[in-house]
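[1] My questions concern the predicted model and sequence given below.
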There are 2 protein chains.
Amino acid sequence: MTRAELIAQIKAKRSFLCVGLDTSLDRIPKHLLDFDDPIFEFNKQIIDATKDLCVAYKPNLAFYESLGIKGWESLQKTLDYIPKNIFTIADAKRGDIGNTSSMYAKAFFENMDFDSVTVAPYMGKDSVQPFFVYDNKWVILLALTSNEGGKDFQLIESAGKPLYQEVLETSSQWGDSSNMMYVVGATRADWLKEIRNTIPDHFLLVPGVGAQGGSLQEVAKFGMNSDCGLLVNSSRGIIYASDGPDFATAAHKQALKLQQQMEGELIKFQII
Amino acid sequence: MTRAELIAQIKAKRSFLCVGLDTSLDRIPKHLLDFDDPIFEFNKQIIDATKDLCVAYKPNLAFYESLGIKGWESLQKTLDYIPKNIFTIADAKRGDIGNTSSMYAKAFFENMDFDSVTVAPYMGKDSVQPFFVYDNKWVILLALTSNEGGKDFQLIESAGKPLYQEVLETSSQWGDSSNMMYVVGATRADWLKEIRNTIPDHFLLVPGVGAQGGSLQEVAKFGMNSDCGLLVNSSRGIIYASDGPDFATAAHKQALKLQQQMEGELIKFQII
């Protein structure tokens, strides 16, 4: 998907919501366990209930890998089921030496036709570049993550600059805002402001709104640019809004709530 | 596998060789393409030819993922074929927030029964800890990688200390030398010396000997400890020693050459 197509979708749906498909057999409603492929059945109903309200889906690869080959089948079926005009993110956090990253790019961009993949920066430029070979595909690089352990190394300062800032400055030279986004946790709005100064044009994938405690208003205030430039993810808050037979209706309701808040922000910042 | 079992294996085989199974349809001998599962057939013959000379096998996950579900089947068959007394490494470079890393741990330690998995440090403590829940399983954390891009962030200095050194010091508090190893590239022997000072007891997984240019003698000189403390990997130099029908014999020959050099080092440092 191109940047222009993504922005058009955001404006049409009046939303910058990404729904995280962290689908686990332990968490889905019990009645689905009778289906041949409960994971896919759950995802299918979640997609039906939310596809008009979100602009992206983000399956978390670990949840599918943990089920072995059957999990990969569920993932492929899920990806095939997502409407083609919605942006797809393989949340895989891969990254390896060049010839190995090429193989990951092949896995996610050729075999599975995801629009994007999340990548860890630790191994540097040649671990990221192979993903740029594909037209209209995206690298979403980890910069500042919202988990507790994110502080262990990402905030280490060198010449007054935290590591995540160095990651942004260095890596933004490897691609551009048409093939690269960044994962930026929403835990501290003032950091978001600095990040937006460093990379004014790039889209940011922001987890941590909702279940993980970030505020959508703050994220929009400090993170939005003139193209919106934000994808805000919610996983558990939407997909596990209910663990009963009404899970899809409950998911719709939560997604609608977020979409309406997002519409308000898009209007406030004159994007729509 | 326990640390004692690994050390016993090293002494019995007089080797600390790890064979990297970076198996690609583009590189294996053409006559294998007629088999139902060429990747597994290649690995099977490589394992038969090298299992008496090495103490570990390291399938590179990207190569299997790039083939989709069929690749995962080849990987599972390969893992099942590796003799149980040989250490197995899922070279996956995973790492995510706690509940997601738990899923990766389940994928590699429960479903697939690998002894260890390589993990990227960028997301910190809670991305690593879930792997420690399993007895006699190992995390092999990236510290200093030998690829060109390894320099981009791993050498950034804070208070006179490079990032990889901070990763070693901080992360070595999360586990101990019975459930944690480190990936350390062999490109600079003096760094290896410093690393050994920081973590005297941990095993180091050293890629970059052979095809990538490191010297086994230097690695042993600066990296060995009284338990050996080294697993030295060779992938392409062994498995693609020949692309003809004699590939397994050629692999045996290359592995034997490395084993003999390693035996010399083990004797020199009075490990055996």
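    Sure thing, it's come through.

[2] Only C-alpha atoms from now on, for both contacts and neighbour counts.
    Noted.

[3] in stretch A:93-101, what counts as buried?
    A:Lys93, A:Arg94, A:Gly95, A:Asp96, A:Ile97, A:Gly98, A:Thr100, A:Ser101 (16 or more other C-alpha atoms under 10 Å in any protein chain shown).

[4] next one: stretch A:217-232
    In terms of neighbour count (16+ other C-alpha under 10 Å), stretch A:217-232 has its buried residues at A:218-220, A:222-225, A:227-232.

[5] ok, so of the residues you listed, who is nearest chain B?
    Using C-alpha to the nearest C-alpha, A:Val232 is the member of the buried residues of stretch A:217-232 that lies nearest chain B, at 17.2 Å.

[6] Distance check, the residue nearest to the closest one when sequence neighbours are not counted against chain B.
    Ranked by C-alpha to C-alpha, 6 or more residues apart in numbering or on different chains and with sequence neighbours excluded, the top spatial neighbour of A:Val232 is A:Val206, at 4.7 Å. Applying C-alpha to the nearest C-alpha, to the nearest Å, the value for A:Val206 to chain B is 14 Å.

[7] so A:Val206 touches A:Leu230, yeah?
    Yes. A:Val206 lies in contact with A:Leu230 (C-alpha atoms under 8 Å); the separation is 7.2 Å.

[8] Run through the residues of the stretch 1-150 of chain A sitting next to chain B.
    Residues of the stretch 1-150 of chain A found near chain B (C-alpha under 8 Å from any C-alpha of the partner chain) are A:60, A:62-63, A:65-69, A:72-73, A:92-97, A:100-101, A:103-108, A:111, A:120-127, A:145, A:147-150.

[9] Kindly recompute the last result at 6 Å.
    Contacts of the stretch 1-150 of chain A with chain B, taken as C-alpha under 6 Å from any C-alpha of the partner chain, map to A:62-63, A:65-66, A:103-104, A:106-107, A:123-126, A:149-150.

[10] okay if I get these as JSON lines plus distance to B:Ile39 and neighbour count?
    JSON lines is the format used below for these (distance: C-alpha to C-alpha, whole Å; neighbours: other C-alpha atoms under 10 Å in any protein chain shown):
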{"residue": "A:Ala62", "distance to B:Ile39": "24", "neighbour count": "27"}
{"residue": "A:Phe63", "distance to B:Ile39": "26", "neighbour count": "26"}
{"residue": "A:Glu65", "distance to B:Ile39": "20", "neighbour count": "22"}
{"residue": "A:Ser66", "distance to B:Ile39": "22", "neighbour count": "24"}
{"residue": "A:Met103", "distance to B:Ile39": "15", "neighbour count": "24"}
{"residue": "A:Tyr104", "distance to B:Ile39": "17", "neighbour count": "27"}
{"residue": "A:Lys106", "distance to B:Ile39": "17", "neighbour count": "22"}
{"residue": "A:Ala107", "distance to B:Ile39": "16", "neighbour count": "20"}
{"residue": "A:Met123", "distance to B:Ile39": "27", "neighbour count": "27"}
{"residue": "A:Gly124", "distance to B:Ile39": "29", "neighbour count": "25"}
{"residue": "A:Lys125", "distance to B:Ile39": "29", "neighbour count": "24"}
{"residue": "A:Asp126", "distance to B:Ile39": "26", "neighbour count": "23"}
{"residue": "A:Gly149", "distance to B:Ile39": "38", "neighbour count": "20"}
{"residue": "A:Gly150", "distance to B:Ile39": "38", "neighbour count": "23"}
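
[11] coming back round to it: pull the number of nearby residues for the residue nearest to A:Val232.
    Neighbour count of A:Val206, defined by other C-alpha atoms under 10 Å in any protein chain shown: 27.

[12] Now do the strands in the stretch 151-272 of chain A.
    Along the stretch 151-272 of chain A, the stretches classed as strands by DSSP state E, counting those that start in this stretch are A:157-158, A:161-162, A:180-184, A:203-206, A:230-234.

[13] strands paired with the first one, and their directions?
    Read it as strand A:157-158. Counting by DSSP bridges, the strands paired with strand A:157-158 are strand A:161-162 (antiparallel).

[14] what's next to the partner strand, contact-wise?
    Applying C-alpha atoms under 6 Å, 6 or more residues apart in numbering or on different chains, the contact partners of strand A:161-162 are A:Leu155, A:Ile156.

[15] Please repeat the previous calculation with a cut-off of 8 Å.
    Applying C-alpha atoms under 8 Å, 6 or more residues apart in numbering or on different chains, the contact partners of strand A:161-162 are A:Gln154, A:Leu155, A:Ile156.

[16] circling back: what is the most widely separated pair among the buried residues of stretch A:217-232?
    Farthest pair in the buried residues of stretch A:217-232 (C-alpha to C-alpha) is A:Glu218 and A:Asp227. Separation: 17.2 Å.

[17] For the worst-scoring helix or strand of chain A on mean pLDDT, enumerate the helices and strands it packs against.
    Ranked by mean pLDDT, DSSP states H and E, the weakest helix or strand in chain A is helix A:189-198, scoring a mean of 90. Judged by 3 or more C-alpha pairs under 8 Å, 6 or more residues apart in numbering or on different chains; DSSP states H and E, the packing partners of helix A:189-198 are helix A:163-171, helix A:216-223.

[18] Can you give me the buried ones in the first one?
    Along helix A:163-171, these residues count as buried under the neighbour rule (16+ other C-alpha under 10 Å): A:Leu163, A:Tyr164, A:Gln165, A:Glu166, A:Val167, A:Leu168, A:Ser171.

[19] Please tabulate the residues of the stretch 1-150 of chain A next to chain B in a markdown table, including the columns secondary structure.
    Shown next, in a markdown table, are the residues of the stretch 1-150 of chain A next to chain B (DSSP: H, G, I helix; E, B strand; the rest coil):
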| residue | secondary structure |
| --- | --- |
| A:Ala62 | helix |
| A:Phe63 | helix |
| A:Glu65 | helix |
| A:Ser66 | coil |
| A:Met103 | helix |
| A:Tyr104 | helix |
| A:Lys106 | helix |
| A:Ala107 | helix |
| A:Met123 | coil |
| A:Gly124 | coil |
| A:Lys125 | helix |
| A:Asp126 | helix |
| A:Gly149 | coil |
| A:Gly150 | helix |
